[in-house]
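K.L.:
Kindly return the folded structure for what I paste below:
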Amino acid sequence: MHSFKYLVCALALLGFAAMAKPIGNYPSIPLSELPDPLRSVWKELKPEMNEMSHCATAFDSHSDGEKMAFRCSIHIKMSAEGERRAMRYCEEKRVEKGIKMPCKLVEE
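P.N.:
A predicted model of the protein is given here:
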């Protein structure tokens with residue numbers, strides 16, 4: 001019976017660890033590859049973010065703000081939901097601005 005309790009605890013811990021990691025199968029882009037204006041926005045938002053927060057971006061230009069989309073899901077309790085929302089918000093802005101590059105999750 002003791003080993004069953006340990007197994008249940010171990011599985012619960014694995015479940016919690018999996019929730020903290022990005023889960024979705026979305027494309028990503030390193031923060032270092034973002035244009036300077038987008039990196040600046042990310043740095044401004046970073047203090048509000050937690051481990052579940054995610055940002056997504058798409059850009060066709062490194063200098064024209066009209067050809068950049070950057071959206072975040074900051075106050076969120078589940079990582080996977082943060083990813084989905086950031087990607088959805090980014091996709092809406094990408095289509096609105098006519099940006100060709102697909103949205104990607106920003107990785108630190």
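
K.L.:
From now on I want contacts and neighbour counts done on CA atoms only, so please keep to that.
P.N.:
Fine.

K.L.:
Check what pLDDT the residue nearest the centre of the chain gets.
P.N.:
When Cα atoms, centre = their mean is applied to the chain, the residue found nearest the centroid is residue 54 (2.7 Å). On pLDDT, residue 54 comes in at 96.

K.L.:
which ones are touching it?
P.N.:
72-74, 79, 82-83, 86, 105-106 (Cα atoms under 8 Å, 6 or more residues apart in numbering).

K.L.:
Equivalent analysis for residue 30, please.
P.N.:
By Cα under 8 Å, 6+ apart, the residues touching residue 30 are 106-108.

K.L.:
try 6 Å
P.N.:
By Cα atoms under 6 Å, 6 or more residues apart in numbering, the contact set of residue 30 is 106-107.

K.L.:
same check, this time on the one 10 residues further on
P.N.:
Counting by Cα under 6 Å, 6+ apart, residue 40 touches no other residue.

K.L.:
Please point out which parts of the helix or strand containing it sit buried.
P.N.:
Here residue 40 sits within helix 36-45, counting by DSSP states H and E. By neighbour count on 16 or more other Cα atoms under 10 Å, the buried set for helix 36-45 is 38-39, 42.

K.L.:
Quick check: of the residues you listed, which lies closest to residue 59?
P.N.:
Within the buried residues of helix 36-45, the smallest distance to residue 59 is 9.4 Å, found for residue 38 (Cα to Cα).

K.L.:
Could you check how far the spatially closest residue to residue 98 that is not a sequence neighbour is from residue 60?
P.N.:
Leaving aside its chain neighbours, residue 98 sits nearest to residue 67 (7.7 Å; criterion: Cα to Cα, 6 or more residues apart in numbering). According to Cα to Cα, to the nearest Å, residue 67 stands 5 Å off from residue 60.

K.L.:
how about the strands of this structure, start to end?
P.N.:
28-30, 54-59, 68-73, 104-107 (DSSP state E).

K.L.:
Deepest in the core, which of these is it.
P.N.:
The highest mean neighbour count among those, using mean count of other Cα atoms under 10 Å, belongs to strand 54-59: a mean of 26.
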